[in-house]
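J.: fold the following and give me the result.
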Amino acid sequence: MTDLKQTPLAALHRELGAKMTAFAGYQMPVQYPRGIIHEHLHCRSRAGFFDISHMGQCLVLGPAAAEAIEKLTPGGIADLPVNSQKYSVLTNAQGGVIDDIIVTRLADGVGLIVNAGCKDKDFAYLREKLAGTATFRELADRALLALQGPEAAAVLAKFSSEATALNFLQVCDTNIAGAACTVSRSGYTGEDGFEISLPAETAERVAKVLLAEDGVEPIGLGARDTLRLEAGLCLYGHELNETITPIEAGLGWIFKKGHTDFPGAESILAQRQNAVGRRRVGLLVEGKIPVRDGALLLDNADSEVGIVSSGSFSPSLNRPIAMALVDQRVATTGIRLKALVRNSAVELTVCRLPFVPHRYHKPGR
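T.: Next comes the predicted model:
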């Protein structure tokens, strides 16, 4: 793994006994000594600390920045309030997804967080599309941390009252343990929590301060994946890619009403209006055999109707679960399907997503 990039917390991960793995060109912790199931359940019950510094961070600045980004995505960006965030996708001319992104509206433009495995192509694409319209700036000197779980707010309240006053998808600038940070109330677990962007040189100090708090434990990529799967959240390269449209991926809720000026709009909006093609669904797996991504799905007539996009054991439900892209005609709760696993047929039932209810901090809750 000598050719892999390292995050600013690489030494800390080794100190904590992490098992490291290659991921998106980085050396990343997949789990710590107590294991993935423990980490997963700890995040669901207390607070989990994640190093997500491999993600790409950038700024798009200028008076036309928000409008320029809106022309690259079906989501509404121009009318997003300052210091608010929105989940969206960058689409290609065929209607597929280049990447899914988090957009933050700033007073002088927008900030973007993109996936680690896509950031090189994303940044090249953005530089090309924004040339002459807005200023693009990669934030290569920033780290990104996450604190997730039902006790995350109580922990962060000891360091920043501004951060814990936020609602879901709101952002503020604050100070944590002497480090200037930009904090959003957001995450990738389905739990209440925060993501903290800060200078790379202060990341280890802030990480150690948070990890020293009662109830906070480090969480690796293994549990991050099972947490997001239970929350029914897409993973690029699985539920999303350049051949899967946002409609197929079940992301119709991100669309701005009346917005038609974005790449692939004609085919995407036609698909949305006509309710054709495939759809992302949840699957409850019968028995104890996990059904992994790539498994073919069959209907009761043994006709192929889709493919599993993500699958794993759910620690919260104590059973295997999966998400899949299936033909529209079988994308209905309660329909029984079969997955081919090592030449055996495993029974599954289509279910609603998410598998575990979201617990985001929203007004009135």
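J.: make sure I have this right: residue 12 is in a strand.
T.: No. When DSSP: H, G, I helix; E, B strand; the rest coil is applied, residue 12 is found to be helix, with no strand at that position.
J.: and it, how far is that from residue 333?
T.: 44 Å (CB to CB, to the nearest Å). The way it works is simple: take the backbone N, C-alpha and C, and place the C-beta from them, glycine included.
J.: can you give me the helices in this protein?
T.: Secondary structure of the chain (DSSP state H): helices located at 10-15, 36-45, 65-70, 119-130, 152-156, 161-164, 200-211, 221-230, 265-274.
J.: hmm, who's touching the fifth one?
T.: In this structure, residues lying in contact with helix 152-156 by CB atoms under 8 Å, 6 or more residues apart in numbering are 47, 147, 163-164, 176, 183, 191-194, 210, 213, 215-216, 361.
J.: pLDDT weak spots in the stretch 51-200 of the chain?
T.: For the stretch 51-200 of the chain, not a single residue meets the criterion pLDDT under 70.
J.: once you drop chain neighbours, what's closest to residue 306?
T.: Nearest-residue entry for residue 306: residue 326, 3.2 Å, with adjacent residues in sequence omitted and distances by CB to CB, 6 or more residues apart in numbering.
J.: against residue 73, how distant is the nearest residue to residue 41 once chain neighbours are set aside?
T.: Nearest-residue entry for residue 41: residue 315, 5.4 Å, with adjacent residues in sequence omitted and distances by CB to CB, 6+ apart. Counting by CB to CB, the separation of residue 315 from residue 73 is 34 Å.
J.: what about those two, which has more around it?
T.: A direct count of neighbours by other CB atoms under 10 Å for residue 315 and residue 73 places residue 73 higher, at 25 against 20.
J.: residue 90 is in contact with the more buried one, correct?
T.: Yes. The pair residue 73 and residue 90 passes the contact test of CB atoms under 8 Å, sitting 5.8 Å apart.
J.: shared neighbours, the two?
T.: Taking CB under 8 Å, 6+ apart as the contact rule, the neighbours common to residue 73 and residue 90 are residue 101.
J.: buried stuff in stretch 137-153?
T.: The neighbour-count criterion (16 or more other CB atoms under 10 Å) identifies 139, 142-153 as the buried residues of stretch 137-153.
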